[in-house]
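Enquirer: Got a predicted structure plus its sequence, pasted below:
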Amino acid sequence: MKDLKFYKDKLNKKKEEFTNNYEINRSLSTSERDEVAGDLVDQATDDYNKEFLNNLSKSDLNTLRLIDAALERMTEDEYGICLECGDDISEKRLTAVPWAEFCINCQEKKENEE
Ligand SMILES: [Zn+2]
């Protein structure tokens, strides 16, 4: 795997795009990331975060949560490992989608199920 910093920079850059003109003082909760993105808006306690979250589309919100989750996995040394099967996620995939949670096989399986 490439230097973790490479992916971390990518994740932070992407996050900056979202948070551009807003300062988020607390990171979004990642523990309930299976819930729908709309719940996140309800959970935001201060108006600042609420305004920020309301300005994001649902897919943006989802991506933001995935980014936070990926950054969290980095701190736990679990980054780049498929949450489904435990295999390494390919560098190619991580470079394209640094917040990927699943390897390409599991991702395709999930998409087929939906
Ligand atoms: Zn997998």
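Expert: Yep, that arrived.
Enquirer: In the protein, where is pLDDT below threshold?
Expert: 1-2, 20-53 (pLDDT under 70).
Enquirer: which stretches of it form helices?
Expert: Secondary structure of the chain (DSSP state H): helices at 4-19, 37-43, 47-54, 58-75, 91-96, 104-113.
Enquirer: most packed of those helices?
Expert: Of all those, helix 58-75 carries the top mean neighbour count, a mean of 17, counting by mean count of other CB atoms under 10 Å. Where C-beta positions appear, they are placed from N, C-alpha and C, glycine not excepted.
Enquirer: elements contacting that one?
Expert: For helix 58-75, the elements it packs on are helix 4-19, helix 37-43, judged by 3 or more CB pairs under 8 Å, 6 or more residues apart in numbering; DSSP states H and E.
Enquirer: Report how many residues lie close to the closest residue in space to residue 103 that isn't next to it in sequence.
Expert: In space, and not counting its chain neighbours, residue 103 is closest to residue 82: 4.0 Å by CB to CB, 6 or more residues apart in numbering. For residue 82, the neighbour count with other CB atoms under 10 Å is 18.
Enquirer: Appreciated, that's everything.
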